[in-house]
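>>> Could you look at this predicted model? Sequence included:
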Amino acid sequence: MTEPVITRGPAADAGEGEGANAVEIHKLWTVFRSPGHEQVVHRDLDLTIRRGEVLSLVGGSGTGKTVLLRQILGLEKPTRGDVSVFGTPPAALSAAGAAKVGMLFQRGALFSAFNVLDNIAFALRELKVLPDSLIRDAAMVRLQMVGLKPEHAWKMPSELSGGMIKRVALARALIMDAPLLLLDEPTAGLDPEGADEFCDLLRGLHRELGLTVVMVTHDLDTLFDLSTRIAVLADQKVIVTGTPDEVIAYRHPFIEQYFQGGRGQRAALALHAPAHAPHGTDPTGR
Amino acid sequence: MTQPVPAQAPSSQALSGTAAQRTGAPRLEAGTAPDAQGNWARAGGRWTALAFSSGSDWRALVAMLSANAPRDDLGWDLRDIAQLDHIGAQVLWNHWQHRWPAQLALDASQQAVLDQVAQYSVPVAPVPAPGLLDHVRRFAGQGRHLVETSRRFTQLIGQLVLDLGKLLAAPHRGPWRDLSGALYNTGATAMAITALVGLLIGVVLAYLTSQQLRQYGAETFIVNILGLSLVRELGPVLAAVLIAGRSGSAITAQIGVMRVTEELDAMRVMGIPHGFRLVMPRVLALAIAMPLISIWTSAAALLGGMLAARLALDISPAYFLQALPRAVPISNVVLALSKSAVFGILIALIACYHGMRVLPNTESLGRRTTSSVVISITVVILVDALFAVLFKGVGFR
């Protein structure tokens, strides 16, 4: 296609709010209390997510990754500490709704009473401004962007496969082009090809719209493919944040076990480092 | 798809606005540029879903768009747009009637967004409105649906009989824990509400009838009226209606959610039959609990009636209790008990049936729970009428 581009405009500034950070978490404590039992999930956790980066949260099961996402969304209140999203507390976000934050839930959380198209269009309809034909077209575009066919638009969520639910949920999270996108296990349950397509799609969106993406994932391929930074949760806090290289090089039992295990080695070799050997190759790892 | 023509765009300095104009509401201006031929429409501001969410800004933009209808000689300059998202691009693309304009000036990221919108915009076929034939067809489908429903319900009853046989053959393998749980949930926890409702109904009924009886000087007949109506009719029906609303809906919602979350499938895979573990314990529990709750409700209602009779007609509780067995033969109690057991079985069966038929979406869950309660109450009243006709010679002096 001939490029009608003449000038490259100034980089689209993300605009909303002040400051360079999308999310700031300061001295956060999360304690789950049940009678006679207290479980500290986060202890003095600090995390800063800059605008325009793709940050992956990594950690073992039960280290509170999803809880952290929910706290960023304002769905849960931390026991102590501050969370601010674009400089405001997360509770203020819900007023702006889907325009500020898009969330892909682990199990999709599609509205089971609506068909696929209405699920995707829901947030736009709620603005009660735009004409219906435009909303339908926009939802249709999103539907195909995530790799579904137009004929899937009229299906109900119960008729969809697991991978399709993921895609529809992603389309729904993307509908408003929210500057912050939270993804909880985005590629879990997708076939390898679907996961690759998903990564391509997300990379494209990130490039075009300057999205900030926060992602919880256990899929090491996705992790190395997309992340600009990785934050590792262990010992009730973020033990290290940094580029994939920096994180792999960090000395910590969890990181060694997580990245230096067989799967981690393969993923790092295959996708990340044709030019360099993985750091700290551990002879005991094999 | 028409290829966009590399545009002879006006120089960017001539068109790019001040920094203040770059932000803010989406806008569109017509204008000619000094060093370019033809007319240009210049878009500026934020073309994002968030910006469109302001009603006044959107209406202003619609007016500006309609003033700049797409023409062959009109070029479009998007470079002043501070932020163009997919919704903004969709607005432009729909305005251009799904064609690239002849002349277009834009930057690379806008190009990428517009390309995607252009690539994926497809005409959406409107869903045809149902015609007369569809209505007729749907009405005709009801008959088949009814046959299907009664077949399934019969199947459920048949399965229940088989499961009962299985239980009798091997009682030590029965789901006793489920049964006791269901007994507690449907019976014991319902005692407070049924007692309260029964008591109040007894009081109301006693006061109402006492007015009439006093006119004829037949005050002592209040024992007969209250005794017969409460023990034989009102107690069982009232208890059944309350239990249908309370436990029937709970059973439907519980089994329905198990179906939505695929727990039913998981049970089947482990070889645990639904009928034996889910339906039978609930049916048995209600068959046992319902008569007890019914007697309990009748007793509470009689207590209320007795108190009201004492206050309104000056009939002593001692006389009331002494006259009651004479006014109400014991066969009435037997009739009430057996009637209640039938009500309980029906309520549990209907609730289980609807729970099993829930589709995996919230709407269906709500609809099934509603119809479970409504149908149970209707069936209870129908069956009660049937009992009244069949046993019209039983229990009267």
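Good, I have the coordinates.

>>> Output the below-cut-off pLDDT ranges for the stretch 51-200 of chain A.
A:93-99 (pLDDT under 70).

>>> which bits of it sit near chain B?
Taking Cβ under 8 Å from any Cβ of the partner chain as the contact definition, the stretch 51-200 of chain A meets chain B at A:96, A:99-100, A:111-113, A:124, A:127, A:129-130, A:133-134, A:136-138, A:140-145, A:150, A:153-154, A:156-158, A:174-177. C-betas here are computed from N, CA, C, even on glycine.

>>> got the buried residues for stretch B:151-162?
B:156, B:159-160 (16 or more other Cβ atoms under 10 Å in any protein chain shown).

>>> Touching that stretch from outside, list them.
The contact list for stretch B:151-162, computed with Cβ atoms under 8 Å, 6 or more residues apart in numbering or on different chains, reads B:275, B:279-280, B:283, B:349, B:352-353, B:356-357.

>>> So which of those belong to helices?
Within the contacts of stretch B:151-162, residues falling in helices by DSSP state H are B:280, B:283, B:349, B:352-353, B:356.

>>> can you redo these as JSON lines with distance to residue B:187 and neighbour count?
Output for those, formatted as JSON lines (distance: Cβ to Cβ, whole Å; neighbours: other Cβ atoms under 10 Å in any protein chain shown):
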{"residue": "B:280", "distance to residue B:187": "16", "neighbour count": "27"}
{"residue": "B:283", "distance to residue B:187": "13", "neighbour count": "27"}
{"residue": "B:349", "distance to residue B:187": "17", "neighbour count": "22"}
{"residue": "B:352", "distance to residue B:187": "17", "neighbour count": "25"}
{"residue": "B:353", "distance to residue B:187": "21", "neighbour count": "23"}
{"residue": "B:356", "distance to residue B:187": "23", "neighbour count": "20"}
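
>>> which one of these is nearest chain A?
residue B:356 (15.7 Å; Cβ to the nearest Cβ).

>>> and the helix or strand where residue A:33 lies, how far from the chain's centre?
Here residue A:33 is covered by strand A:21-34, with elements defined by DSSP states H and E. How far strand A:21-34 lies from its chain's middle: 18 Å, per Cα atoms, centre = their mean, to the nearest Å.

>>> do it and chain B meet?
No. Strand A:21-34 lies apart from chain B when judged by Cβ under 8 Å from any Cβ; the minimum separation is 15.6 Å.

>>> rewinding a little: same list (the buried residues of stretch B:151-162) but as JSON lines, adding pLDDT and distance to residue B:44.
Listed next are the buried residues of stretch B:151-162 as JSON lines, based on pLDDT from 0 to 100; distance: Cβ to Cβ, whole Å:
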{"residue": "B:156", "pLDDT": "93", "distance to residue B:44": "67"}
{"residue": "B:159", "pLDDT": "94", "distance to residue B:44": "70"}
{"residue": "B:160", "pLDDT": "94", "distance to residue B:44": "72"}
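
>>> Quick check: chain neighbours aside, which residue is closest to the residue of the stretch 151-300 of chain B found nearest chain A?
When scored by Cβ to the nearest Cβ, the stretch 151-300 of chain B has residue B:260 as its residue closest to chain A, at 8.0 Å. Nearest non-adjacent residue to residue B:260, counting by Cβ to Cβ, 6 or more residues apart in numbering or on different chains: residue B:360, 4.8 Å away.

>>> if you skip the residues just before and after it, what's nearest to residue B:138?
Nearest in space to residue B:138, with sequence neighbours left out and distances taken as Cβ to Cβ, 6+ apart, is residue B:130 at 7.9 Å.

>>> and that neighbour, helix, strand or coil?
Following DSSP: H, G, I helix; E, B strand; the rest coil, the label given to residue B:130 is coil.

>>> Likewise for residue A:111?
Going by three-state DSSP: residue A:111 is coil.

>>> which ones are touching the residue nearest to it when sequence neighbours are not counted?
Closest residue to residue A:111 apart from its sequence neighbours, by Cβ to Cβ, 6+ apart: residue A:119 at 5.4 Å. Applying Cβ under 8 Å, 6+ apart to residue A:119 gives the contacts A:110-111, A:157, A:168, A:172.

>>> Pull out the buried members of the residues you listed.
Buried among the contacts of residue A:119 by 16+ other Cβ under 10 Å: A:110, A:157, A:168, A:172.

>>> check contacts around the third one.
This points to residue A:168. Contacts of residue A:168 by Cβ under 8 Å, 6+ apart are A:108, A:110, A:116, A:119-120, A:143, A:146, A:148, A:157, A:160.

>>> now do 10 Å
Neighbouring residues of residue A:168 by Cβ atoms under 10 Å, 6 or more residues apart in numbering or on different chains: A:108, A:110, A:115-117, A:119-120, A:142-143, A:146, A:148, A:152-153, A:155, A:157, A:160.

>>> Which of those are buried? Put it as a PyMOL command.
Here is the PyMOL command that picks out the buried ones among the contacts of residue A:168, judged by 16+ other Cβ under 10 Å:
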select buried, chain A and resi 108+110+115+116+117+119+120+142+143+146+148+152+153+157+160
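
>>> Next step: the contacts of residue A:168 restricted to helices.
Residues of the contacts of residue A:168 located in helices (DSSP H): A:116-117, A:119-120, A:142-143.

>>> which parts of the stretch 251-397 of chain B sit against chain A?
B:260, B:359-366 (Cβ under 10 Å from any Cβ of the partner chain).

>>> could you dump the residues you listed to TSV with secondary structure and distance to residue A:34?
Shown next, in TSV, are these (DSSP: H, G, I helix; E, B strand; the rest coil; distance: Cβ to Cβ, whole Å):
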residue	secondary structure	distance to residue A:34
B:260	helix	27
B:359	coil	35
B:360	coil	31
B:361	coil	32
B:362	helix	29
B:363	helix	34
B:364	helix	34
B:365	helix	29
B:366	helix	31
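
>>> From the residues you listed, list just the buried residues.
B:260, B:359-361, B:364-365.

>>> For residue A:49, identify the helix or strand it belongs to.
Following DSSP H and E, one finds residue A:49 within strand A:37-50.

>>> so how far is residue A:79 from residue A:166?
32 Å (Cβ to Cβ, to the nearest Å).

>>> one step back: now do the contacts for the residue nearest to residue B:260.
Counting by Cβ under 10 Å, 6+ apart, residue B:360 touches A:112, A:156-159, B:256, B:259-262.

>>> likewise residue A:217?
So residue A:217 contacts A:56-58, A:65, A:183-188, A:195, A:223, A:226-227, A:230 (Cβ under 10 Å, 6+ apart).

>>> in what helix or strand does residue 66 lie?
Picked chain A for this. Assessed by DSSP H and E, residue A:66 sits inside helix A:65-73.

>>> let's do chain B instead
helix B:55-67.

>>> what's the offset of that helix from the middle of its chain?
Helix B:55-67 sits 40 Å away from the centroid of its parent chain (Cα atoms, centre = their mean).

>>> re the thing from before, mind putting the buried ones among the contacts of residue A:119 into JSON lines with distance to residue B:207?
Shown next, in JSON lines, are these (distance: Cβ to Cβ, whole Å):
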{"residue": "A:110", "distance to residue B:207": "55"}
{"residue": "A:157", "distance to residue B:207": "54"}
{"residue": "A:168", "distance to residue B:207": "61"}
{"residue": "A:172", "distance to residue B:207": "59"}
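
>>> For these, work out which two are farthest apart.
A:157 and A:172 (10.7 Å; Cβ to Cβ).

>>> For the most far-flung residue of chain A relative to its centre, what are phi and psi?
Within chain A, the residue lying farthest from the chain centre (Cα atoms, centre = their mean) is residue A:36, at 35.0 Å. Backbone torsions for residue A:36, taken as degrees, to the nearest 10, come to phi 80, psi 10.

>>> How about residue B:168?
The phi/psi pair for residue B:168 (degrees, to the nearest 10) is phi -70, psi -30.

>>> Thank you kindly, that will do.
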